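Novice: pasting the sequence and the predicted coordinates here, then a few questions.
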Amino acid sequence: MSVVGCGLKRFRFYTAGESHGPALTVIIQGVPFGMPLLAEDINKDLARRQGGYGRGPRSRKIERDQVTFLAGVRHGVTIGSPIALLIENKDFENWSVAMSPQPVTEETPPEKKRPFYLPRPGHADLAGAMKFLTYDLRPVLERASARETAARVAAGAVAKKLLNHFKVQMASHVLSVGPVQSPVDSSKLTVSEIWERAESSELRCLDPITTEKMKALIDEAMKEGETLGGQFEVVVDGVPVGLGSYAHWDEKLDGRLAQAVMSIHGVKGVEIGRAFEMSGKKGSQVHDPILPPDPHPTDWRFFPRATNNSGGLEGGVTNGERLIVRGAMKPLSTLRRPLSSVNLLTGEVAKAHVERSDVCAIAACAVVAEAMVAIILADAILEKFGGDTLKEIEERVTAYKDALSAWAAGKGKEEEATAG
Ligand code: EPS
């Protein structure tokens, strides 16, 4: 881990909290002074993450995620100090002994401590057990659980609030569940259209008929004791140009986005734009032709492009086109019809542990990816335009845009040519 915190430079955050512990917590550092921020701004995204066809009973019936501000916000406005957030785990009341921070007594029956010893293939169980040399897998499961993503979505909602000030608009949607793919080409839709269609689908799919097919597939998987994964896409319009860097590997924005999205539970692949499709074509078929400049665009498309296969990033730097980040989530690893495993206490071959779980969490994963992309973009905006107050940052963004307008109009090019 980097000394500055999670690889983020200016918008830094940490989460803490176990799946069935008392609460999830988040500390965010770097949000400028003077930004309006209400609990509702965060709660609406927390609710979006809890939705999606195929979620388990906990997400649907037990948890009602709501944020409590503990620090950093006064009278609905940020005050330039670290923001601390708390999201209670309602389920803790059912786990108060198993997850008690206090020592348990000798009289506590072992089953109340809820240890388990049968690692689930695909989960962090076995790798975590080997890392910490623990036979009880409960400590690993509790932090490896995707419940942690509620805390990330809270941090992402704060990042989005910052992005809104710069007219950055984003949406996420599901491209596929298992083999069922959405037929919709999102490049033909505005971000608001993508948002509305995704919000009205139980699977965040842009096509209602495909949504029904995906639901049927999930029903079938549920009956079979199976789980399903899928693919999702996050699109962002209005991203300022010049975010990130081509000059150094760890400053490239594509790499930073990939790390952030790949770190989401169950995600095994990330692409920017149409990366995998482009790899099978010729250069002339995929690179995005440059069109004549527009010195006064409503967004940041000073040099519009005929296509956007690069997904808004070239050389690790934003180019003004729509940012497109896609990810692939593997099927969830807790199976009601478990695979073979080994009991870590007895050494016997046995079926893996079965814990209550979701059948498919791809819709939630898309919302989490949206949050992670927002966090990386907020960090990159603060890196390029950073200041102490929101007003100061807004002035710097405006000054840069004015300078770009002049540059796109050719101001100063004779001097540069003759000086060379
Ligand atoms: C999860 C297992 C399930 C999910 C959980 C993530 O938890 P439980 O075993 O308590 O039912 O419901 O997701 C959430 C609780 C959530 O809020 O997303 C896992 O093992 O990753």
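Specialist: Happy to help now that I have it.
Novice: ok, Met130 to the ligand distance?
Specialist: 19 Å (C-beta to the nearest ligand atom, to the nearest Å). Every residue, glycine included, has its C-beta placed from N, CA and C.
Novice: how about the closest residue to Trp195 other than its chain neighbours, secondary structure?
Specialist: With C-beta to C-beta, 6 or more residues apart in numbering as the criterion, Trp195 has its nearest non-adjacent residue at 4.0 Å, and that residue is Ala171. Three-state assignment for Ala171 (DSSP: H, G, I helix; E, B strand; the rest coil): strand.
Novice: surely Ala171 touches Gly238?
Specialist: No - the criterion here is C-beta atoms under 8 Å, and Ala171 misses it with Gly238 at 12.0 Å.
Novice: check contacts around the closest residue to the ligand within the stretch 251-400 of the chain.
Specialist: Residue nearest to the ligand within the stretch 251-400 of the chain: Arg356 (4.1 Å; C-beta to the nearest ligand atom). Taking C-beta atoms under 8 Å, 6 or more residues apart in numbering, we find Arg356 in contact with 56-58.
Novice: let's see the ChimeraX selection covering just the buried ones among those.
Specialist: Applying 16 or more other C-beta atoms under 10 Å to the contacts of Arg356, the buried members can be selected in ChimeraX as follows:
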select :56,58
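Novice: closest one of the contacts of Arg356 to the ligand?
Specialist: In terms of C-beta to the nearest ligand atom, no member of those lies closer to the ligand than Arg58, at 3.4 Å.
Novice: for that closest one, what are its contacts?
Specialist: Residues counted as contacts of Arg58 (C-beta under 8 Å, 6+ apart) are 91, 356.
Novice: and it, helix, strand or coil?
Specialist: The three-state label given to Arg58 by three-state DSSP is helix.
Novice: distance-wise, check it relative to Ala47.
Specialist: According to C-beta to C-beta, to the nearest Å, Arg58 and Ala47 sit 15 Å apart.
Novice: can you read off the pLDDT for Lys413?
Specialist: With respect to pLDDT, Lys413 has a value of 86.
Novice: so what does it look like in phi/psi?
Specialist: Torsion angles at Lys413 (phi, psi; degrees, to the nearest 10) stand at phi -80, psi -30.
Novice: again, but for Thr68
Specialist: Thr68 has phi and psi values of phi -120, psi 130 when expressed as degrees, to the nearest 10.
Novice: chain neighbours aside, what residue packs nearest to it?
Specialist: Closest residue in space to Thr68, ignoring its immediate chain neighbours: Leu86 at 4.6 Å, by C-beta to C-beta, 6+ apart.
Novice: how about the helices in the stretch 101-250 of the chain?
Specialist: Under the criterion DSSP state H, counting those that start in this stretch, helices of the stretch 101-250 of the chain are mapped to 110-113, 125-132, 138-144, 149-164, 191-199, 208-224.
Novice: just the C-alphas of the shortest one, formatted as CSV.
Specialist: Output in CSV follows, covering the C-alpha atoms of helix 110-113 (Å, rounded to 0.1, in the frame of the first residue of the first chain):
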residue,chain,number,x,y,z
PRO,A,110,-18.9,-23.3,20.2
GLU,A,111,-21.8,-23.1,17.6
LYS,A,112,-22.6,-19.6,18.8
LYS,A,113,-19.1,-18.5,17.8
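Novice: in which helix or strand would I find the most centrally placed residue in the chain?
Specialist: Per C-alpha atoms, centre = their mean, the C-alpha nearest to the average position across the chain is that of Ala369, at 2.4 Å. Using DSSP states H and E, Ala369 maps to helix 362-385.
Novice: centre of the chain to that helix, how far?
Specialist: Centroid separation for helix 362-385 versus its chain: 6 Å, with C-alpha atoms, centre = their mean, to the nearest Å.
Novice: for stretch 263-272, same thing?
Specialist: On C-alpha atoms, centre = their mean, the centre of stretch 263-272 falls 9 Å from that of its chain.
Novice: I'd say Val261 and Val373 touch.
Specialist: Yes - Val261 lies in contact with Val373 (C-beta under 8 Å); the separation is 6.9 Å.
Novice: what touches both of those two?
Specialist: 234, 325.
Novice: give me the buried positions along the helix or strand harbouring the residue nearest to Thr68.
Specialist: Taking DSSP H and E as the criterion, Leu86 maps to strand 83-88. Residues of strand 83-88 classed as buried: 83, 85-88 (neighbour count, 16+ other C-beta under 10 Å).
Novice: quick one: which of those is nearest Ala150?
Specialist: The nearest member of these to Ala150, counting by C-beta to C-beta, is Ile87 at 5.4 Å.
Novice: distance of the closest one from the ligand?
Specialist: Distance of Ile87 to the ligand, given as C-beta to the nearest ligand atom: 9 Å.
Novice: need the nearest residue in space to Leu24, chain neighbours excluded.
Specialist: Leaving aside its sequence neighbours, Leu24 sits nearest to Gly17 (C-beta to C-beta, 6+ apart; 3.4 Å).
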